[in-house]
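Trainee: sequence plus the predicted model coming up.
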Amino acid sequence: MNLALPPGHPLRLCSAALEIAPLPPERLLAVQGEPTAAFMAPNGESWVGIGAVRWLTGRPGDGHALWAGVADVSPDAPPPTALGVLPFSPHEAPDELWAGLLPGGVVLPERLVVQRGGRAWLRLTLPAAEADTLRSRLASVARELAALPPAESQALPDFEEFDDAETAARYTAAVGDAVARIRAGELVKVVLARRARIAFGAVPSAAAVMRRLSAHQSGAVRYAWCRGGKAWLGATPETLLRLDGRTLRTEALAGTRPESRAEELYADAKERHEHAVVVDAVRAAIAPWVQALPPTRAPGLRRTRGLAHLHTPIEATLSAAPDALALVHALHPTPAVCGLPADRAATLLAALEGEARGLYAGPVLRLSADGTAHAVVGLRGALLAGRLAVLPAGAGIVDGSDGERELAETRAKQGSVLDAWRAFVAA
């Protein structure tokens, strides 16, 4: 693809690509550069960006600014692509844990490695004033990548889980408070999250941690955002949206059981109600954007390793050329991670959780210059800060929720991350 330069958008950046030998995408998390962002799809496609030549907040309309004045001199390679993460709430003040990683944003990487179909390309994007050095620097970066040591293969240190009895008690009490407010008619649903903490025996490599998640959760989208000596990474089951031309694909994913008890979801009135709330909200969010809403359908099951969820895919045709970031903001936050009504749920969860969500449950983005886009919800993740790893997880609270049962759900979700690490530590 060759990006045209419309009037009013003079040449600002030049971008070129070179085919290179494939390599594990997780290895690239060890390359120096801020930020480093990764988006790895279940079909084997991956995008890893290092550094930034543009860094935008991710507001609606920013997608156009990403590509203004960019010339792609390698039209036969995969197109330039922006990667990013957005916080759960733009109004939230980060706490010490999230400091350095926030505020996130959408970046056009200086260096980008794209892999698909067993092939790999390195793309370098530079200011137009440096265009005459583009090819030589591209070759130099390619040599550096070829010489990278296998950081993803480093042994994962042993780890110890912190006692969570105190936080668990606070969580079950918060669930009781939320149920009382729901029964009083203040809201329909709220999602309450809690943190689990572990300490590694030594500082783990983000590349090694991500490699274990990839091996354990290959059917999920794996993501990473590394900055300020910290990393937010995970393997999420939940898609916020996919765009291909004017085709919009999204989904409702709510209602959870251990995978061995997946069939119970169909008969559980509380879980079915929780799921229906999300379906209705997603359909309402996209209604102004699409030609027609698809017919309603009964939910199916989405099985991930260790967990199962009620799942309803939703596909529609957009009425006009898409603004991917505007659609992301229209959908986020869904009742699957916030509640309903969203404003009341957001206020309540902030009060009851008592901890900043940061990037947890926020959008994780891949926006390509050819108009395709993929956004997922930042779930099943861990924040790495030195030897510490913090794992947030939530559960949907509706009328009929029980504190101990919702606590068990958060532990199961955190366990899906820890299980990936336990398997390799034990080995």
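Mentor: Great, that's in hand.

Trainee: which element follows the helix or strand containing R212 toward the C-terminus?
Mentor: R212 belongs to helix 206-216 when assigned by DSSP states H and E. Following helix 206-216 in sequence order, the next helix or strand is strand 221-227 (DSSP H and E).

Trainee: that following strand versus helix 206-216: what angle between them?
Mentor: Strand 221-227 runs at 170 degrees relative to helix 206-216, counting by axes from the mean of the first three to the mean of the last three Cα atoms, to 10 degrees.

Trainee: can you list the strands that strand 221-227 pairs with?
Mentor: Strand 221-227 has the following sheet partners, assigned by DSSP bridges: strand 36-40 (antiparallel), strand 230-236 (antiparallel).

Trainee: pLDDT of it, averaged?
Mentor: Across strand 221-227, pLDDT averages out at 98.

Trainee: how about the residue lying closest to G104 once chain neighbours are set aside, what does it touch?
Mentor: For G104, ignoring the flanking residues on the chain, the nearest one in space by Cβ to Cβ, 6 or more residues apart in numbering is V85 at 4.2 Å. (Each C-beta comes from the backbone N, C-alpha and C, glycine too.) Neighbouring residues of V85 by Cβ atoms under 8 Å, 6 or more residues apart in numbering: 37, 104-105, 223, 225, 232, 359, 362-365, 378.

Trainee: which of those sits closest to R387?
Mentor: Nearest to R387 out of the contacts of V85 is W232 (Cβ to Cβ; 16.3 Å).

Trainee: which other helices and strands contact the longest helix along the chain?
Mentor: Secondary structure of the chain per DSSP state H: the longest helix is helix 403-426. Counting contacts by 3 or more Cβ pairs under 8 Å, 6 or more residues apart in numbering; DSSP states H and E, helix 403-426 packs against strand 159-161, helix 165-183, strand 189-200, helix 206-216, strand 230-236, strand 247-258, strand 307-317, strand 388-397.

Trainee: now the angle from that helix to helix 206-216?
Mentor: 110 degrees.

Trainee: off-centre distance for helix 403-426?
Mentor: 19 Å (Cα atoms, centre = their mean, to the nearest Å).

Trainee: before we move on, what about stretch 300-312?
Mentor: 18 Å.

Trainee: still on that earlier bit, could you give the bridge partners of the residue nearest to G104?
Mentor: According to DSSP bridges, the partner residues bridging V85 are G105, V364.

Trainee: give me the distance between it and W232.
Mentor: V85 is 7 Å from W232, where distance means Cβ to Cβ, to the nearest Å.

Trainee: what sits against the residue lying closest to E45 once chain neighbours are set aside?
Mentor: Nearest non-adjacent residue to E45, counting by Cβ to Cβ, 6+ apart: R116, 4.4 Å away. Contacts for R116 (Cβ under 8 Å, 6+ apart) come out as 44-46, 78.
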